[in-house]
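Engineer: My questions concern the predicted model and sequence given below.
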Amino acid sequence: MNLLENEIATLKAAETKTLSGRIAFELYDTFGFPFELTEEVCLEEEIRADREGFDKEMEAQRERARASSKVAHAVVTGGVYDELYRRLGDTPFTGYVSAFEETRVEAIVFEGREIDEADSGREVFVSAALREAISFSRRFIPWSSRPMSLIPYTVPEN
């Protein structure tokens with residue numbers, strides 16, 4: 001409830017009358033706080049909760065879940081993941097010795113198929129040479145210790 005109370009206080013201070021759908025969705029997704037309850041609390045404070053923005057965030061979450069489900073299905077049924085495993089082998093794990101490793105990208109997977117490059121903003125899966133961590137634009141992303149793991153990565157905007 002602190003998040004909602006803080007957001008309402010911020011909106012009042014800025015003399016704004018609408019709680020963003022993103023915040024309403026965060027309350028729902030993180031804390032299980034139903035939109036209708038968020039809306040009711042907001043109305044008591046003469047603030048409108050953005051239902052359209054909430055619905056857009058909900059649909060985006062559903063799309064992420066569907067995409068994740070496709071990856072899980074592909075892992076179970078084979079396809080590009082089996083091919084990458086045959087070609088690249090197990091993931092060596094150095095996590096007990098080092099938190100990060102210098103590495104290079106060996107494979108990029110998008111929608112269940114290997115691709116050569118990814119556009120800015122596209123969500124892809126990446127396999128790296130040492131596969132413990134990858135570094136793009138000085139950002140490090142921890143790597144899993146599972147054999148032939150692929151990590152999700154969103155290509156930064158230019």
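Structural biologist: Happy to help now that I have it.
Engineer: and stretch 34-47, what's its mean pLDDT?
Structural biologist: For stretch 34-47, mean pLDDT is 94.
Engineer: Next: stretch 21-31.
Structural biologist: Here the average pLDDT along stretch 21-31 is 92.
Engineer: mind listing the helices for this protein?
Structural biologist: Assigned by DSSP state H, the helices in the chain fall at 2-13, 21-31, 35-44, 51-77, 80-88.
Engineer: between those, which one is nearest to residue 115?
Structural biologist: helix 80-88 (9.9 Å; CB to CB). Yep, even glycine has a C-beta here, placed from its N, CA and C like the rest.
Engineer: So residue 116 versus residue 84, what's the distance?
Structural biologist: Distance, residue 116 to residue 84, by CB to CB, to the nearest Å: 14 Å.
Engineer: Which one's more surrounded, the two?
Structural biologist: Shown here are residue 116 and residue 84; by other CB atoms under 10 Å, residue 84 has more neighbours (18 against 6).
Engineer: Run a quick neighbour tally on the nearest residue to the more buried one once chain neighbours are set aside.
Structural biologist: The spatial neighbour of residue 84 that comes closest, neighbours along the chain excluded (CB to CB, 6 or more residues apart in numbering), is residue 107 at 5.4 Å. Neighbourhood size, residue 107 [other CB under 10 Å]: 20.
Engineer: One more: residue 111?
Structural biologist: Neighbour number of residue 111 under other CB under 10 Å is 14.
Engineer: Look up how far residue 64 lies from it.
Structural biologist: Taken as CB to CB, the span from residue 111 to residue 64 is 13 Å.
Engineer: Tell me which of the helices of the chain sits most buried.
Structural biologist: Highest mean neighbour count of those: helix 21-31, a mean of 18 (counted as mean count of other CB atoms under 10 Å).
Engineer: could I get that one in PDB with only the CA atoms?
Structural biologist: Provided in PDB are the C-alpha atoms of helix 21-31 (Å, rounded to 0.1, in the frame of the first residue of the first chain):
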ATOM      1  CA  GLY A  21      -1.600   2.300 -15.700                       C
ATOM      2  CA  ARG A  22       2.000   1.200 -15.200                       C
ATOM      3  CA  ILE A  23       1.800   1.900 -11.500                       C
ATOM      4  CA  ALA A  24      -1.600   0.200 -11.200                       C
ATOM      5  CA  PHE A  25      -0.200  -2.800 -13.000                       C
ATOM      6  CA  GLU A  26       2.900  -2.900 -10.800                       C
ATOM      7  CA  LEU A  27       0.600  -3.000  -7.700                       C
ATOM      8  CA  TYR A  28      -1.400  -5.900  -9.300                       C
ATOM      9  CA  ASP A  29       1.600  -7.800 -10.700                       C
ATOM     10  CA  THR A  30       3.900  -7.500  -7.600                       C
ATOM     11  CA  PHE A  31       1.400  -7.400  -4.700                       C
END
